[in-house]
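**Q** pasting a predicted model and its sequence here:
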Amino acid sequence: MDNPARGRILRRMEHDADILITGGGLNGPALALALVRAGFRVTLVDAQPAQAQGADDFDGRSYALALASVRLLTAIGVWERVGDKAQPMLDIKVTDGRAGEGPAPFWMHFDHREIEEGPMGQMLEDRYLRRAFAEAMAAAPGLTVLHGETVIAQDPGVDGVTVTLASGQSLSAKLLVGCDGRSSGTAARAGIKRTGWDYGQTALVCAIAHELPHEGVAHQFFMPPGPLAILPLPGNRSSIVWSERHGAAKAINALTDEDYLAVLRPRFGDFLGQISLAGKRFSYPLGLSLAQSFIAPRVTLIGDAAHGMHPIAGQGLNAGLRDIGALAQVLDEAQQRGEDIGAETVLMRYQEWRRFDTATLAMATDLSNRLFSNDNPLLRLARDVGMGAINALPPLRRGFIREAAGLTGELPALMR
């Protein structure tokens, strides 16, 4: 007579992988590398062709990586491939004002020398980070990458989850992780609803070259339509993330490069001398998008699939990498205890760890954007006095520096 328990064990052993990941942007590869490091068999489904990860030309896209994120990338074998191409962020200067008028008299200045850990973060170009992920994944045992494929259906069961790819192929695993962005098909198929709203702003993104050195200083200039971030890149170059109202942004984006720069110059100022474009121009609408749950039967979400927020604090990718550190640790500890890594009790530990942190960060970015993206004279006075007070109090200032470096809260082991 057959033993049902033995049948269940056989079915578990027949999975194509321990964990399936859908989404091959940045979070998907980072999670895959963290999981194979812990001994899991992982299959990553990436809609992009393999050559998309290896582009050599600079297109202007870059990322501000907090110190804690750099630690995680070091632990999973990525930073060693790109560290020499990064620009340390040594200081952050935050000011308030209007285009063409210069900053208000009160500001915040965060100096990395006030903490012992070194630079608060690193700026890294997209082309280098994607190539490093591709190289690390190609060298990772236990990792299978399916390029040019998409998941079109998923079916959770008692012992695992089965997905169907657009090619017709079926794969099974103990757990499916959605790293597929704010419009996550993984979340939608799992019945996870979202909460959010449009900020009425569009981010204009580009890279510029400038005459004078930036000295590793990042700037955040708050203006009535939205913030302008000036983030240092290697050499005399900086990455720009510039928020405008939708209508104005559409008109600006339609301009020639020369006219685009003419609109940017009074906002940017002349503190770095003459500026010119150093890459392509991009734009994307800004809004808040939070998954109402980070988990469902045999499914969990990370990164933008779980929480998409305003880039005002530069924490989008950093929040996703913190998700990765937390999920990898939860699954590793569950595996060591002999638990089913796809069980609700295990996934709840990840959700409880990350939901409060991400909800708090989302509320903070939402409030900051509403507080600073206006020209109300009373709010201007209140925020300028507030910035001056923070700048004058060393303990409070150091707290903000540690927050910018990603060193606050319960850090996953990969970030310690």
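**A** Received, thanks.
**Q** remind me, longest strand of the chain?
**A** Under DSSP state E, the strand in the chain containing the largest number of residues is strand 194-210.
**Q** and stretch 172-182, average pLDDT?
**A** Mean pLDDT, stretch 172-182: 97.
**Q** how about the longest strand of the chain: buried residues?
**A** For strand 194-210, the neighbour count (16 or more other Cβ atoms under 10 Å) marks 194, 196, 199-210 as buried. To be clear about C-beta, it is placed using only N, CA and C from the backbone, and glycine gets the same treatment.
**Q** adjacent strands (with direction) for the following helix or strand past it?
**A** The helix or strand immediately downstream of strand 194-210 is strand 217-223, counting by DSSP states H and E. When pairing is defined by DSSP bridges, strand 217-223 lines up against strand 91-98 (parallel), strand 226-233 (antiparallel).
**Q** any chance of CSV for those, columns distance to P141 and mean neighbour count?
**A** Listed next are the strands paired with strand 217-223 as CSV, based on distance: least, Cβ to Cβ, whole Å; neighbours: other Cβ atoms under 10 Å:
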stretch, distance to P141, mean neighbour count
strand 91-98, 40, 20
strand 226-233, 34, 24
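**Q** can I get those strands in CSV with distance to A30 and mean pLDDT?
**A** What follows is those, written out as CSV (distance: least, Cβ to Cβ, whole Å; pLDDT from 0 to 100):
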stretch, distance to A30, mean pLDDT
strand 91-98, 24, 91
strand 226-233, 20, 96
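**Q** how about those strands in TSV, adding distance to D84?
**A** Listed next are these as TSV, based on distance: least, Cβ to Cβ, whole Å:
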stretch	distance to D84
strand 91-98	22
strand 226-233	14
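**Q** which one, of these, ends up nearest to A153?
**A** Smallest distance to A153 across these (Cβ to Cβ): 39.4 Å, for strand 226-233.
**Q** helices of the stretch 201-350 of the chain, start to end?
**A** Under the criterion DSSP state H, counting those that start in this stretch, the stretch 201-350 of the chain carries helices at the ranges 246-253, 257-268, 316-336, 344-372.
**Q** relative to strand 91-98, how tilted is the second one?
**A** With axes from the mean of the first three to the mean of the last three Cα atoms, to 10 degrees as the basis, helix 257-268 and strand 91-98 are set at 100 degrees to each other.
**Q** what sits against the closest residue to A328 other than its chain neighbours?
**A** Nearest residue to A328 in three dimensions, chain neighbours excluded: A34, at 4.0 Å (Cβ to Cβ, 6 or more residues apart in numbering). A34 makes contact with 72, 75-76, 324-325, 328, 414, according to Cβ atoms under 8 Å, 6 or more residues apart in numbering.
**Q** can I get the residues you listed in TSV with neighbour count, distance to D270 and pLDDT?
**A** What follows is the contacts of A34, written out as TSV (neighbours: other Cβ atoms under 10 Å; distance: Cβ to Cβ, whole Å; pLDDT from 0 to 100):
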residue	neighbour count	distance to D270	pLDDT
L72	28	38	98
A75	19	42	98
I76	24	41	98
I324	30	41	98
G325	26	41	98
A328	27	46	98
L414	25	42	97
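**Q** check these and tell me the two furthest apart.
**A** Longest distance between any two of those is 10.6 Å, between A75 and I324; criterion Cβ to Cβ.
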